[in-house]
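[1] Need a 3D model of the following:
(chains A and B)
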Amino acid sequence: DAKTTQPNSMESNEEEPVHLPCNHSTISGTDYIHWYRQLPSQGPEYVIHGLTSNVNNRMASLAIAEDRKSSTLILHRATLRDAAVYYCILNSLVEYGNKLVFGSGTILRVKS
Amino acid sequence: AAGVIQSPRHLIKEKRETATLKCYPIPRHDTVYWYQQGPGQDPQFLISFYEKMQSDKGSIPDRFSAQQFSDYHSELNMSSLELGDSALYFCASSLGLRGDEQYFGPGTRLTVT
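    Got it, this is the predicted structure:
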């Protein structure tokens, strides 16, 4: 499984944008970049995913580098409810199974 | 919108007992996954099923077994429980198997005493 590298923790002020980086230098051409988050005492929650182009949804935006070796999850206005562990996960389009391999993730703290 | 349902939400068992965890996927989802999250750890993939057939297997002990039924719900059976099996067990579901997002349930907290 291709690996990702994320900072252990980040801190943000409420209502400010947050940029969560992820490095995945060994990504293959058929790997999707997925982001999940896990709020305290809850199951992981799907946030967004993309292959090559930048993606936007109601929760966040995903910016993917041109060489695909890194990506950034963007929360446009952080709220206290966004405090969670954020996981960047590579998920193969062609490898049968679709299992998620969770790394250590980034703990996001949001200050009021 | 309907979400993934897991039951029970909490379970307390003694060593060497057995436990059965149930998972009801989102309607029309044909794929179910099981993950284990120990205290202070990240979720680890155990096993998955697609259209009632096992599709992938991770670090699942031989004491554990699982299956997916005709209505797509899944059960994780755990025997000869050990203290180290105490964890949160999450079920997730998806539509399809290739690169699709997974939707997780609230988890079952298993405590083995």
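[2] for chain B, what helix or strand is lowest in average pLDDT?
    strand B:53-57 (a mean of 92; mean pLDDT, DSSP states H and E).
[3] Reduced to three states, what does B:G84 come out as?
    helix (DSSP: H, G, I helix; E, B strand; the rest coil).
[4] Would you mind measuring from it to B:R9?
    As for B:G84, its distance to B:R9 is 21 Å (criterion: CB to CB, to the nearest Å). Placement of C-beta: from N, CA and C, glycine included.
[5] give me the low-pLDDT residue ranges for chain A?
    Chain A contains residues with pLDDT under 70 at A:1-2, A:95-97.
[6] Could you show which parts of it are in contact with chain B?
    Selection of chain A residues close to chain B by CB under 8 Å from any CB of the partner chain yields A:32, A:34, A:38, A:42-46, A:49, A:85, A:87, A:91-94, A:96-105.
[7] Quick check: PyMOL command selecting the buried ones in these.
    Selection of buried members from those for PyMOL, criterion 16 or more other CB atoms under 10 Å in any protein chain shown:
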select buried, chain A and resi 32+34+38+43+44+46+49+85+87+91+92+97+98+99+100+101+102+103+105
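[8] A:E14 contacts A:A83, doesn't it?
    No: between A:E14 and A:A83 there is no contact under CB atoms under 8 Å: 9.9 Å.
[9] and those two? which has more neighbours close in?
    With neighbours defined as other CB atoms under 10 Å in any protein chain shown, A:E14 and A:A83 compare such that A:A83 has more, 18 against 13.
[10] ok, now which ones touch that one?
    A:39-40, A:108-110 (CB atoms under 8 Å, 6 or more residues apart in numbering or on different chains).
[11] With secondary structure added, can I get these in CSV?
    Putting those into CSV (three-state DSSP) gives the following:
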residue, secondary structure
A:L39, coil
A:P40, coil
A:L108, strand
A:R109, strand
A:V110, strand
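[12] what about B:G38, neighbour count?
    Counted with other CB under 10 Å, the neighbours of B:G38 add up to 13.
[13] Tell me who's in contact with B:K52.
    Contacts of B:K52 (CB under 8 Å, 6+ apart): B:67-70, B:72.
[14] Which of those residues fall within helices?
    Counting by DSSP state H, the contacts of B:K52 place none of their members in helices.
[15] I'd like these written out as JSON lines, with neighbour count and pLDDT added.
    Converted to JSON lines, those look like this (neighbours: other CB atoms under 10 Å in any protein chain shown; pLDDT from 0 to 100):
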{"residue": "B:Q67", "neighbour count": "15", "pLDDT": "97"}
{"residue": "B:Q68", "neighbour count": "23", "pLDDT": "97"}
{"residue": "B:F69", "neighbour count": "12", "pLDDT": "97"}
{"residue": "B:S70", "neighbour count": "6", "pLDDT": "95"}
{"residue": "B:Y72", "neighbour count": "20", "pLDDT": "95"}
